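Asks: Okay, sequence plus prediction incoming.
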Amino acid sequence: MEGVQHYNSSRRSFLKSTGHLLIGFNLLPLTFCQTKGSPNEIPPYSGIPFRPTIDNKLIDSWIRLDATGHLTVLSGKQELGQGIKIALIQIAAEELDINPDRCHIINSDTGQTPNEGFTAGSNSVEGSGSAIRQAAAEAKHHLLKMAAEKWSVNPENLSVEDGVIIANSGEKVSYWELLQGKYIEERISGDIKPKKPENYKYVGQPLHRDDIRKLVTGESHFVHDLQMPGMVHARVLHPPSYDATLESIDLTQVEALPGVLKVIRNGSFLAVVTEREYQAVKAREMLRELAVWKKSPIAILPRQLMDNVLTTSGKPEEVEISPGIAELISNSAIHHQADYFRPYHMHASMGPSCAVALWEPNLLTVWSATQGVYPVRDSIADLLSLSKEKVRCIGVPGSGCYGHNGADDVSGEVALIAKEFPGKHVRLQWMREDEHKWEPYGTTMAFRLSAGLDSAGKLLGWDSIVWSDSHSTRPNGSGGSFIAARSLDPPVEFRKGGWSGGSHRNGIPEYSFEAKQLHLFNYDGPLRTSSLRGLGAYANTFAMEAFMDELIHKAGKDPIDFRIKNLEDPRARAVLEELAQKTNWKNRSKSANNGFGVAYARYKNATSYFAVLAEVEIDKAAKNYKLKKLTGVIDSGLTINPDGLKNQTEGGMIQSASWTMLEEVQFDTNGITSVDWNTYPILRMKDVPEVEVHIIDRPEEKPMGAGEAAMGPVAAAISNAVFDATGSRVRNLPIKAEKIDWTKV
Amino acid sequence: MPQDITLHVNGKTKTISADPQEPLLYILREEFGLKGAKYGCGLLQCGACTVIADALAETTCVRPCASFEKVEITTLEGLSKNGELHPVQKAFIETQAAQCGYCVNGMIMTAVALLKENSSPTENEIREALNPVICRCGTHSRFIKAVKMASENIKS
C-alpha cells in the first residue's frame, strides 16, 4: 500500500501534503453522528446534492459518501431491466465494505454523472463496473489514510465493517464521520489494487434488485410514470411511410377539440399538445383523418428481399483473407455450401417510447429512456441549434429496449414540441403503431457459407460472405439521426449512419479451421435499421452454428464432442462439457417425435461463453413443432450477481427463441404492415419453452458482459433441433412450421 | 362532453369529471395518480393495463371509464393489505420475476385474479391465464415460478 507513514499531524496538513484538498460541502444536515453499523438502523436516504460531474478521473465523479450514512454511486450507464443498478452497487459496496442496503445509485444524467457513451454491447459491467471498482477502492484507501492519521497508526492495521473503520485498539470512526459531508476530490491514480476475489462478501451474491420491489407495488419507475406539476400531454402523427410528405392539412378542426392547447406543424412533422392524455390520443386520430400525404412507395418487398440482399453490387470488404481457400474447400473430402437468411426483426418494446421535456429560457431538460444521455443530449442540441450546455438529458428507465428502439427518437420529438410549448413539462408517448413502424429494426442479413473437412473430419477451410445493412444508426451528435429530422421544414438530412463491425460480429469461427476467410457486403436496404441485441452476432452465430451442424452431420460426428475437439480455448470446451453433463447428453431420450440441437459461441469471440441445448417436439399430423426446453451454460468470468446473470440469460434465450421461430417485419409498398402484436406476433406464455441456466463462475477471471451471449446460439440450436426431429434444414428465418418438409418426417 | 363519473378504486370512491368514453387507464393514471397499470397497445393485445374489476382481470386501455361506475376496481397499488404485500407480490420479489418490468402489472393482476378463482393452478393453467399478457424480456419462466410459489403460500 502506498503512503504507509505514521502521521502525527492534523488532517488538513495531511491533505495538503498529498497535494489535494477535500473541498465542497454537502448541503445536507449532519444528522448521522453515530455509526451503529446495523443495516436495520440506516437513516432515511434523501439523495445527494446536485453537483455537475467535473472529470471522470475524480473519485467523486463515481462515488459519494454523504453525511447521513449512505453511499451514492454515479454511473453513466442506464438501467434497462438488465439489473445494472444492483450489480454496480455490489461492486462499490464490496470495495468500500459497506452494506449494500446503504448504497444508492444515480444512472445517466448529463447534469451529474460521468459520460460513458451508450449502455450497449454488454459493456456496462466491464466499463462502468471497473471504473466504479477502482474509484471505490481508492476512496477506501484515502479514508483509511485519514483514519490512520487521526489515530497515528498504520492504515494496514485498520479494518472496516459496514463503513466503520476499526483500529486494533478498538477505536472506531465511520466514513461518514470522517468526511463530515465533504467530497473526496482525490484523483483516481490507478495505483490502488482492488480487493482480491477470495475476500468478496457481496460480489457473487444473488442480491435482490430494489427496483423489482418498486415494480411489483406500482411505485413510479418508468419515464412513462413521471408526473410533473402542470404537465401537459402530446402525441405525434408520423407519416404513413418513411419518405411520405405532408401535402395539406386543416388544423383548425383539431385546434377546436376539447383540451387541445396547441397543434404543431413543422413541414411534415405533426404534433398535438393537450391538457389530458386521452385528448391527445383523440386529437391525433383527427390529425390522421385530415392529413393528406404524398406517398413514397417502398421499392423492395419482403418476398424479393433475400434476392435483393444477395445481389448487392459493389466491392466487398475484406475482413479476413486466405488466398487459395476456394480450392482448399473444393478439394476437401467433405465440402459443403449453403445460404442462410435473416429477415428484419423488431425490438418491439412492450411500452411504446415516451419522454418528458421542459423548455425554460436557459435550459432544455429532457427526461429520456435513452441508452446514451450524452450522445442524445448532443444530438438534441444539434437538432435545435442550441449549445450543449443548454440541454440536460436525464436518464429514466423505459420499457426494455434491447438496443436502439424508439427511445431516442421520442426524446428528439418531445424536445421539438417543448420548444413550441415552453414553460410546461410536456410528456410525449408514442402509440403502439408508432413504435412498431418507426423503430430502427435489426437488419436483414444473408450468409453464403462454404467449408471443407477431410475424410476424418479435420477442419480445413471456412469461407463466408456476409451481407448486412447498418447495425448502428444511434444518435451521434447529429440532429439528423432522429427520425423527425427529415420531416422538418427545412429538413435536417436524415443520416442513416455508417456500417460497422457489428455486421460481421462472430462471423469468423473460433473452430480450428486451417484457413478462414470472410467478405462483407454492406447492403443498403429498404427499412430503417440500427442496433438490436447482439447486432450481427445473432445471425452470424445462427448461420455458423447451423452450418457447423450440417458439417458435423456430414462427417457423422457427435455435435458436442466435435465442437469440443475443435475448440482450443479450455473455457469454450468447459461450457460444452458442462452442457453435456447437465443435460445427460449421451443418454438423451431421442424418439421419433423429438429432436435435440446444440450450439455454442463466445460472444464477439471475446466475451461470455455460452453453450445451449434445444429440445423440440413435433406433431407430424398437425405439421407443427414446439420448442420444449432450452438448457444453457454460461461463463461470464467473475459473476457479480448470479441471479441477475441467470435472469438476463433466461430472457435472452426466450427472446431469441421468439425472433427465431416467429418474427419477421412485414411491409408492402405503402409502408410497414407489422403495426401491432397481431401483425407482429411474439412468443407468449403458452408457447415459451422451459429454460434452465447453469453458470460456470470464474472468480479469478474478469467479469464480462452477458446480456447478448445467448441470442445467436439459441437460434442455431433450435434450427439444429428441428433438423434432428424432421430432417429439414430451415436456413431462412423465422423457422416456421410451414417451412419444414413434413413429407420427409 | 365531460360528465361526473363515480369510480370505486382500491376501496375508495371518487367522483371525477371526464369524457365518459375515455378509457379507464388514462383516468387511473391521471386522476388517481395510479401508475401501476401501463399503456402498452391500446388494442387489447398485450395486457399491460390490466386491473381487477370485481373479481376478474380486465384490461383498461379501451373500455370506457363510465362503464366501470358500478365496478369495484383494484389496481396493483391496492393489492397490499395493512401494509403487507399480497402473496403474489411477495413471490414476484422472492423469485426476482422482472427484467424491465413493464409487463409486471399485467402479470401480477392476472395472477391474482387466477388464484382467487383457482388457488392450485397447474402449470398449464398458469400459462393459459397469463397468455394474454405480453412480456418482451423473456421473464416468463420466473412468472410461472412466482405464481406457483404464491399458490403454495396462499394455501399454507
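Replies: Done, it's in.
Asks: from the middle of its chain, how far away would the helix or strand residue A:563 falls within be?
Replies: Using DSSP states H and E, residue A:563 maps to helix A:559-565. Helix A:559-565 sits 31 Å away from the centroid of its parent chain (C-alpha atoms, centre = their mean, to the nearest Å).
Asks: got the CA positions of the lengthiest helix in chain B in CSV?
Replies: Longest helix in chain B, counting residues (DSSP state H): helix B:140-155. The C-alpha trace of helix B:140-155 is given here as CSV (Å, rounded to 0.1, in the frame of the first residue of the first chain):
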residue,chain,number,x,y,z
HIS,B,140,-41.9,-16.0,-18.4
SER,B,141,-40.3,-18.8,-16.6
ARG,B,142,-39.9,-16.7,-13.5
PHE,B,143,-43.6,-15.5,-13.7
ILE,B,144,-44.7,-19.2,-13.7
LYS,B,145,-42.4,-19.9,-10.8
ALA,B,146,-43.7,-16.9,-8.8
VAL,B,147,-47.4,-17.8,-9.4
LYS,B,148,-46.6,-21.4,-8.2
MET,B,149,-44.9,-20.1,-5.1
ALA,B,150,-47.8,-17.7,-4.4
SER,B,151,-50.3,-20.5,-4.8
GLU,B,152,-48.3,-22.6,-2.2
ASN,B,153,-48.1,-19.7,0.2
ILE,B,154,-51.8,-18.9,0.0
LYS,B,155,-52.7,-22.5,0.7
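Asks: about what we covered before: the helix holding residue A:563 packs against which elements?
Replies: With contacts taken as 3 or more C-beta pairs under 8 Å, 6 or more residues apart in numbering or on different chains; DSSP states H and E, helix A:559-565 sits against helix A:536-555, helix A:570-582, strand A:594-602. Where C-beta positions appear, they are placed from N, C-alpha and C, glycine not excepted.
Asks: Just the CA atoms of the last one, as CSV, please.
Replies: In this case it means strand A:594-602. Extracted C-alpha coordinates of strand A:594-602, given in CSV (Å, rounded to 0.1, in the frame of the first residue of the first chain):
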residue,chain,number,x,y,z
ASN,A,594,-38.4,-35.1,-30.7
GLY,A,595,-35.1,-33.6,-31.7
PHE,A,596,-32.1,-32.1,-30.0
GLY,A,597,-29.9,-29.3,-31.2
VAL,A,598,-26.6,-27.9,-29.8
ALA,A,599,-24.9,-24.6,-30.4
TYR,A,600,-22.1,-22.7,-28.9
ALA,A,601,-20.5,-19.2,-29.3
ARG,A,602,-18.3,-16.9,-27.4
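Asks: so where's the stretch 101-250 of chain A uncertain?
Replies: For the stretch 101-250 of chain A, applying pLDDT under 70 flags no range at all.
Asks: So what does the residue of it found nearest chain B look like in phi/psi?
Replies: Taking C-beta to the nearest C-beta as the measure, the point where the stretch 101-250 of chain A comes nearest chain B is residue A:218, at 2.9 Å. Backbone geometry at residue A:218, expressed as degrees, to the nearest 10, gives phi 80, psi 10.
Asks: Does it touch residue B:35 like I think?
Replies: Yes - counting by C-beta atoms under 8 Å, residue A:218 touches residue B:35, with 6.4 Å between them.
Asks: Give me the domain ranges for the chain.
Replies: Defaulting to chain A. A:11-216, A:224-295+A:349-438, A:305-344+A:442-744 (automatic domain parsing).
Asks: I was after chain B.
Replies: Following automatic domain parsing, one finds the domains of chain B at B:3-78, B:87-155.
Asks: Let me know which of these is tucked in deepest.
Replies: Sort these by mean neighbour count, taking mean count of other C-beta atoms under 10 Å in any protein chain shown, and domain B:87-155 sits at the top with a mean of 22.
Asks: near chain B, which residues of the stretch 201-350 of chain A?
Replies: Contact residues, the stretch 201-350 of chain A versus chain B (C-beta under 8 Å from any C-beta of the partner chain): A:206, A:208-209, A:211-213, A:215-222, A:224-225, A:227, A:258, A:276-278, A:281, A:348-350.
Asks: Among these, name the buried ones.
Replies: A:208-209, A:211-212, A:215-218, A:221-222, A:224-225, A:276-278, A:281, A:348-350 (16 or more other C-beta atoms under 10 Å in any protein chain shown).
Asks: Mind checking which of the residues you listed land in strands?
Replies: Among those, DSSP state E puts none in strands.
Asks: Show me those residues that map onto helices.
Replies: Using DSSP H, A:211, A:212, A:215, A:216, A:217, A:277, A:278, A:281 are the members of those that sit in helices.
Asks: Enumerate every residue touching the third one.
Replies: Counting by C-beta atoms under 8 Å, 6 or more residues apart in numbering or on different chains, residue A:215 makes contact with A:221, B:92, B:98, B:101, B:104.
Asks: Then residue B:100?
Replies: By C-beta under 8 Å, 6+ apart, residue B:100 lies in contact with A:80, A:81, A:350, A:397, A:398, A:399, A:400, A:401, B:136, B:137.
Asks: Phi and psi next, for it.
Replies: Phi and psi for residue B:100, reported as degrees, to the nearest 10, are phi -70, psi -30.
Asks: Retrieve the pLDDT associated with it.
Replies: pLDDT, residue B:100: 97.
Asks: now do residue A:548
Replies: Per-residue confidence (pLDDT) for residue A:548: 98.
Asks: Compute the distance between it and chain B, please.
Replies: Taking C-beta to the nearest C-beta, to the nearest Å as the measure, residue A:548 falls 25 Å from chain B.
Asks: Closest to residue A:605 out of the contacts of residue A:215?
Replies: residue B:98 (31.5 Å; C-beta to C-beta).
Asks: I figured that closest one was touching residue A:216, is that so?
Replies: Yes - at 7.4 Å, residue B:98 and residue A:216 qualify as touching, with contact defined as C-beta under 8 Å.
Asks: what sits in contact with each of these two?
Replies: In contact with both residue B:98 and residue A:216: B:92, B:104, using C-beta under 8 Å, 6+ apart.
Asks: The helix or strand harbouring residue A:106: partners in the sheet, and parallel or antiparallel?
Replies: Assigning secondary structure by DSSP H and E places residue A:106 in strand A:103-107. Paired with strand A:103-107 in the same sheet, following DSSP bridges, are strand A:71-75 (parallel).
Asks: What's the first helix or strand after the partner strand?
Replies: Per DSSP H and E, the helix or strand that comes after strand A:71-75 is helix A:84-96.
Asks: can you give me the helices for chain B?
Replies: Along chain B, counting by DSSP H, helices occupy B:24-30, B:87-94, B:104-117, B:123-130, B:140-155.
Asks: Now tabulate those in TSV and tack on mean pLDDT.
Replies: TSV is the format used below for the helices of chain B (pLDDT from 0 to 100):
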stretch	mean pLDDT
helix B:24-30	98
helix B:87-94	98
helix B:104-117	98
helix B:123-130	98
helix B:140-155	97
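Asks: Using TSV, lay out those helices together with distance to chain A.
Replies: Converted to TSV, those look like this (distance: least, C-beta to the nearest C-beta, whole Å):
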stretch	distance to chain A
helix B:24-30	4
helix B:87-94	5
helix B:104-117	5
helix B:123-130	4
helix B:140-155	4
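Asks: so which of these gets nearest residue A:157?
Replies: Between residue A:157 and the helices of chain B, the tightest spacing by C-beta to C-beta is seen for helix B:87-94, at 41.2 Å.
Asks: just how off-centre is the closest one within its chain?
Replies: Distance of helix B:87-94 from the chain centroid (C-alpha atoms, centre = their mean) equals 14 Å.
Asks: Run the angle between that helix and helix B:104-117 for me.
Replies: Helix B:87-94 and helix B:104-117 are oriented at 130 degrees to each other (axes from the mean of the first three to the mean of the last three C-alpha atoms, to 10 degrees).
Asks: ok, back up a step: just the C-alpha atoms of the strand holding residue A:106, please, in PDB.
Replies: Once non-C-alpha atoms are left out, strand A:103-107 reads as follows in PDB (Å, rounded to 0.1, in the frame of the first residue of the first chain):
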ATOM      1  CA  CYS A 103     -26.000   2.100  -1.200                       C
ATOM      2  CA  HIS A 104     -27.900   4.000  -3.900                       C
ATOM      3  CA  ILE A 105     -27.200   4.800  -7.500                       C
ATOM      4  CA  ILE A 106     -27.800   7.600  -9.900                       C
ATOM      5  CA  ASN A 107     -27.800   6.400 -13.500                       C
END
